[in-house]
Structures are given as structure tokens and as C-alpha cells.
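1. How does the following fold in three dimensions:
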Amino acid sequence: MNLNFWVYALFYKWATISMIKDAMTYSDCSIDDLKKGVATKYVSHDQYKEITGQTYEETIKVN
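-> Numbering: from 1, shown residues only. Have a look, this model is predicted:
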């Protein structure tokens, strides 16, 4: 999976949550990017909530 730079930056502590919020205002990182980060365990549920103000809800794909 190809993740957004900012997701990796948060995981490796190259960026702070404040920096991620700033990146989102410039459309450099989206909520969908963060959701992918949570799904791959690069972003924690707590980080997601702190950044977006929303609780992460997993969606189950039905085949």
C-alpha cells in the first residue's frame, strides 16, 4: 500500500500532529489518507481523533 508522506512522517515522528493539521489545510493530507494510516496501523485511533476531531470507525467490506 502506498501511503501519504504525512502519514509516514507522523509514524516516524518526523512531523507533529500540529504539522499534520497544517498539511490538511493545504490539502497535502486528507481524512482518507489518515484512514488508510489507521487501517495499516501507522496512525493510532487517538492520533486520528486528535487530528480530525472524529472517532475512527472501521468499515467492513461485504463481498
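
2. Look up how far residue 8 lies from residue 34.
-> According to CB to CB, to the nearest Å, residue 34 stands 12 Å off from residue 8. For glycine as for every other residue, the C-beta is placed from the backbone atoms N, C-alpha and C.

3. Compare neighbour counts for the two and give me the winner.
-> Shown here are residue 34 and residue 8; by other CB atoms under 10 Å, residue 34 has more neighbours (25 against 13).

4. On the three-state scheme, the residue nearest the centre of the chain is what?
-> For the chain, residue 34 is the residue whose C-alpha lies nearest the centre (CA atoms, centre = their mean; 2.1 Å). Here residue 34 is recorded as helix under DSSP: H, G, I helix; E, B strand; the rest coil.

5. Do I have it right that it meets residue 43?
-> Yes. Using CB atoms under 8 Å, residue 34 makes contact with residue 43 at a distance of 5.6 Å.

6. which stretches of this protein have low pLDDT?
-> 59-63 (pLDDT under 70).

7. so where do the helices sit in it?
-> Ranges of helices in the chain, per DSSP state H, are 5-11, 17-25, 31-39, 45-52.

8. quick one: which of the ones you listed is nearest residue 58?
-> Residue 58 sits nearest to helix 31-39 of all the helices of the chain, at 7.6 Å, using CB to CB.

9. For that closest one, enumerate the helices and strands it packs against.
-> Using 3 or more CB pairs under 8 Å, 6 or more residues apart in numbering; DSSP states H and E as the contact test, the elements touching helix 31-39 are helix 5-11, helix 45-52.

10. CSV please, covering those helices and showing distance to residue 30.
-> Output for the helices and strands packed on helix 31-39, formatted as CSV (distance: least, CB to CB, whole Å):
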stretch, distance to residue 30
helix 5-11, 9
helix 45-52, 10
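
11. highest average neighbour count across those helices?
-> Neighbour counts (mean count of other CB atoms under 10 Å) averaged over each of those peak at helix 5-11, with a mean of 18.

12. Spatially nearest residue to residue 8, not counting backbone neighbours?
-> With CB to CB, 6 or more residues apart in numbering as the criterion, residue 8 has its nearest non-adjacent residue at 6.9 Å, and that residue is residue 42.

13. so the one you found makes contact with residue 2?
-> No. Assessed by CB under 8 Å, residue 42 is found out of contact with residue 2, at 12.0 Å.
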